[in-house]
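1. Need a 3D model of the following:
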Amino acid sequence: MKVWNGSSWINPTALKVWNGSSWVSATGKIWNGSSWVTFFSPVTFSPVGSLIFNERPTLEDVATETTAQITITASSSVTWNWTGSGGSVGFPATVSVVNGGSASSIQFSLPWNGNFTTSAAFEVEAANRYWRVELQMETYD
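-> Predicted coordinates:
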């Protein structure tokens, strides 16, 4: 995402805000007249998520007779919000951070059940960034 500063397009982390007497580096929050609101996230992610839910990247791992895993890492601790599930009876997909919990990374795993193909899907949000995680575990025929 780029922001117009009046003369050129810049990265949001390069924004300056007027504090009443001078321009200062933005902290990720701005006064909207009644409260401080986040206008960009100073946190970086790997892989990078999208600021727009409908444009979120799909992270996919397809594993054959082993565990399928996806990890998203943040530059600092963030609150992770996610929905989704999958797997099979006795072999459910797992998530390393509880929904609404904080950590600097989150891992989604789908174990090999030793018998048949299974899948799992999750919608993920952290610091106003979005991802879709898809895991599939296949077995040889």
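
2. This protein - how does it break down into domains?
-> Domain ranges of the chain: 3-38, 45-138, per automatic domain parsing.

3. And the top strand by length along the chain, what does it pack against?
-> Counting residues, the longest strand in the chain under DSSP state E turns out to be strand 68-88. Contacts defined by 3 or more Cβ pairs under 8 Å, 6 or more residues apart in numbering; DSSP states H and E place strand 68-88 against strand 45-46, strand 58-64, strand 102-110, strand 118-126, strand 129-138. For every residue, glycine as well, the C-beta is placed using N, CA and C.

4. out of the ones you listed, which comes closest to residue 93?
-> Closest approach to residue 93 among the helices and strands packed on strand 68-88 is made by strand 118-126 (3.5 Å; Cβ to Cβ).

5. sorry, back to before: rank the domains of the chain by mean pLDDT and give me the bottom one.
-> Between the domains of the chain, the lowest average pLDDT goes to domain 3-38, which shows a mean of 64.

6. how about the domains of the chain in JSON lines, adding mean neighbour count?
-> Formatted as JSON lines, those follow (neighbours: other Cβ atoms under 10 Å):
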{"stretch": "domain 3-38", "mean neighbour count": "11"}
{"stretch": "domain 45-138", "mean neighbour count": "16"}
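
7. Strand 58-64 and the longest strand of the chain, what's the angle between them?
-> 80 degrees (axes from the mean of the first three to the mean of the last three Cα atoms, to 10 degrees).

8. Could you identify the helix or strand that succeeds strand 68-88?
-> For strand 68-88, the following helix or strand on the C-terminal side (DSSP states H and E) is strand 91-92.

9. Whatever helix or strand comes next after that next one pairs with which strands, parallel or anti?
-> Counting by DSSP H and E, the next helix or strand C-terminal to strand 91-92 is strand 94-95. Strands that pair with strand 94-95, judged by DSSP bridges, come out as strand 102-110 (antiparallel).

10. Tell me which residues are up against stretch 81-93.
-> With contact meaning Cβ atoms under 8 Å, 6 or more residues apart in numbering, stretch 81-93 is reached by 95, 99-100, 106, 108-113, 116, 118-126, 133, 135.

11. Output the longest strand of the chain in CSV, but only the C-alpha positions, please.
-> What follows is strand 68-88, C-alpha atoms only, in CSV (Å, rounded to 0.1, in the frame of the first residue of the first chain):
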residue,chain,number,x,y,z
ALA,A,68,1.0,-30.2,6.2
GLN,A,69,2.0,-26.9,7.8
ILE,A,70,1.8,-23.2,7.3
THR,A,71,3.5,-20.6,9.6
ILE,A,72,2.9,-16.8,9.5
THR,A,73,5.5,-14.8,11.4
ALA,A,74,5.2,-11.2,12.7
SER,A,75,8.0,-8.8,13.6
SER,A,76,6.5,-8.4,17.1
SER,A,77,3.7,-10.0,19.1
VAL,A,78,0.2,-9.5,17.7
THR,A,79,-3.3,-10.7,18.4
TRP,A,80,-4.3,-13.5,16.0
ASN,A,81,-7.9,-13.9,15.1
TRP,A,82,-8.9,-16.9,13.0
THR,A,83,-11.8,-19.1,12.1
GLY,A,84,-11.8,-22.5,10.4
SER,A,85,-11.2,-26.2,11.0
GLY,A,86,-10.6,-29.5,9.2
GLY,A,87,-8.9,-32.8,9.4
SER,A,88,-10.5,-36.1,10.4
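
12. No further queries at this time; thank you.
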